[in-house]
Each structure stands twice: as structure tokens, then as C-alpha cells.
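Asks: Sequence isn't available, so here's the structure alone:
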């Protein structure tokens, strides 16, 4: 699948159905909430320094569902608080929010809730003063230009930059066959060339991302990036990569049951890479447009069973399905998905009973150099 096909086909599961991202993104919301103080403190520091009359704010990889508008609400409140401390008595700034994701994203589910969102904003406004808030969709890949020069003050990208622009070309031999047979990403049986291919693609993509954002973000503007990552040098661990290893094992079980073909498993690759903190820092320094203000590692505490009595494995299966369903259905067919994720949820719970799985997130704050 080439870059253009990926941009057209890849999206979180839309709508509000039982497998939708809107109903299965609580793990992402929990992590975002734990990092919220970093996001809002960074925004307030930016406002204190610049005090713009109009704020341009972009959410890159916004997806769909309640998390998007929840973030916007928190951002408005944080700026209002900073405004009342810094320049009380002055009119509140205008807010322009640019929601970006790939064209297949379900933007409509966000916009359908906007009337209620604006009603709540007016209801919660202090002293009857409600800020002007403009919200627009900007479909397209953030590995290209999105906005006019010097128009964005603050960028928020939550759980999006570990998705690469394309499947690394070096994963395929001269006949176009994958060298990563039996795996869907970097796994314990992958040849060394696989991790090198993924790392090379990450470097190219992240560098492009920084270059394009450097043209769009104003001087001293900020970016807060939440990226799934890994702790050490090894690409294979019991962290984020292990969840994809379990997905490959789940598909392998379906192959053994005759539900799908081994050739389909061998030809399925994911455009995902979990960088280390050192790899992120190296690319930021090498590209040179941004200063690394902060980099923190976040590990979200797992609930063995949630309030509905659903095991962690089943909850993880719902989350992964909401994220990968568009690509899995295209490659394997929709008919295997229910059985696949039943197996996957069971495998996650079985592995957790043996040894912990520790997916980590990096929260990175970048400041546009003057």
C-alpha cells in the first residue's frame, strides 16, 4: 500500500457504534488527562509571553469523539485563567481551532456536537463574557504543509506521531515480498533489517513534520506532542511493540483455524513506530527549528477490570480495533474481526497474568526558535 492509499484508507473507526473510536478511546483519554497539566501550563506560558489578540491552535490527529472537544474546552479555560492574571479588563482573545486528521476521519461526528458545545461555553462563561471560538476541519497529512505561514501559536498532537506516513519501503525484497513474515510490526522474530527500516522511516517522517510546522508556527510558539514510545534501545520489549506482537499471534491462530491465509498475514504490515526519548531528541536537534523544552515519560496505570467488569485485555482489544479496524478490514475482510479481537483480548489477559505489559508515552514540549 503506497502513501496515497494509506492516507485515503487509514482512519479511526467513525460514528458512535460499539466498535467506534468515540466509544473506545478511554485509554487515550486517561493518558491525556495525566499529561493535561503539562499541556495547559505550556499554553499558559505561551500566552503570558505573547498575549495575542487571536490564538491559532491546531489539533493534529484529532480523530473523532468526545476527546477532541474536551481538549478544546480545557484549552479555552486555561487561556481565560492566564488572561485574567496577565491583562485583566482587556477583551478575551479570539480562538481559532484547526482540527486535522486524514480525509477518511469522521469529522461530522465532531461537528454534530458543536451546537451543544457552544451552548455550554456560554453557560460556563464568567461575567457574561464568552470568547469568540471558531472551529474548522483541516483534512490532510501532517507530514505535509497544512496551514499558512506564521499562523499557528499552539499545536497539540496526541497519539498521532507514532503513525508513519507509509509502510517503510525497505520491508520488501526485490519481488515485493515482505521480509517480516509472521509479524505485523517489529517483533521478536523480525530480522534486524526490519527495525532499521522502521527507524529510517521515522527519522524521515519526523524531520518532515518539524520542517513543515516550523513554517506554520509563530516564533516562540509551542507544540505538545504525546507519542507512544519505548524505554530502551531494544525495539522489542513488553511495551507498545508487544501489543502488535500479540495481534500477529492472534492472526496466526486464525490462520491455524483456516479462517484466513498465511499469505495475508505475511503481507500485512503496520505503519507504526515507537521511538525512544533519545531518538526524538536527536531528530529535534538535527532539524534545528525547535527547542526541546520538556520530555517526560508517562506510564498509565492499568485497571485489571474496569467499572463495567470488562477485563484489561478486552478493553485493550476494543481500543486496538477502533484504531486498526479500517486497515484490517481492507486487508483480511470484515468477517474475521469479531473472532480476531476475541482471541486478542484473551491473549492480552493471559500475558498479563504471566508478566506485566508496560506501554509508555512520551510527552514532548517544543518551542519554536526565534
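Replies: Looks like it arrived, so ask away. Since the model is a prediction, treat every value here as computed from it, not as a measurement. Residues are numbered from 1 along each chain as shown.

Asks: where along the protein do the strands fall?
Replies: Counting by DSSP state E, the chain has strands at residues 54-60, 94-100, 133-137, 152-158, 217-229, 290-298, 360-368.

Asks: so can I have JSON lines of those showing distance to residue 259?
Replies: For glycine as for every other residue, the C-beta is placed from the backbone atoms N, C-alpha and C. Listed next are these as JSON lines, based on distance: least, CB to CB, whole Å:
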{"stretch": "strand 54-60", "distance to residue 259": "37"}
{"stretch": "strand 94-100", "distance to residue 259": "37"}
{"stretch": "strand 133-137", "distance to residue 259": "38"}
{"stretch": "strand 152-158", "distance to residue 259": "34"}
{"stretch": "strand 217-229", "distance to residue 259": "29"}
{"stretch": "strand 290-298", "distance to residue 259": "37"}
{"stretch": "strand 360-368", "distance to residue 259": "33"}
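
Asks: Dump those to a markdown table, plus mean neighbour count and mean pLDDT.
Replies: Formatted as a markdown table, those follow (neighbours: other CB atoms under 10 Å; pLDDT from 0 to 100):
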| stretch | mean neighbour count | mean pLDDT |
| --- | --- | --- |
| strand 54-60 | 21 | 97 |
| strand 94-100 | 21 | 97 |
| strand 133-137 | 15 | 96 |
| strand 152-158 | 24 | 97 |
| strand 217-229 | 22 | 97 |
| strand 290-298 | 15 | 96 |
| strand 360-368 | 22 | 97 |
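
Asks: Which of the ones you listed sits closest to residue 182?
Replies: Across the strands of the chain, residue 182 has its closest neighbour in strand 217-229 (22.5 Å, CB to CB).

Asks: so what strands line up beside that closest one?
Replies: strand 152-158 (parallel), strand 360-368 (antiparallel) (DSSP bridges).

Asks: bridging residues for the closest residue to residue 369 other than its chain neighbours?
Replies: Take residue 369 and drop its neighbours on the chain: the residue closest to it by CB to CB, 6 or more residues apart in numbering is residue 291, 5.7 Å away. Residue 291 has these beta-bridge partners by DSSP bridges: residue 367.

Asks: ok so, going back, mind checking the strands paired with strand 217-229 for the one nearest to residue 258?
Replies: Taking CB to CB, strand 360-368 is the member of those nearest to residue 258, at 37.2 Å.

Asks: and the closest residue to residue 173 other than its chain neighbours, how many neighbours?
Replies: In space, and not counting its chain neighbours, residue 173 is closest to residue 179: 5.7 Å by CB to CB, 6+ apart. Look at residue 179: counted by other CB atoms under 10 Å, it has 15 neighbours.

Asks: Touching, residue 179 and residue 169? I think so.
Replies: No: with contact defined as CB atoms under 8 Å, residue 179 and residue 169 do not form a contacting pair (11.4 Å).

Asks: do you know how far the nearest residue to residue 98 once chain neighbours are set aside is from residue 108?
Replies: Spatial nearest neighbour of residue 98, excluding adjacent residues (CB to CB, 6+ apart): residue 58 at 4.4 Å. Per CB to CB, to the nearest Å, residue 58 is found 19 Å from residue 108.
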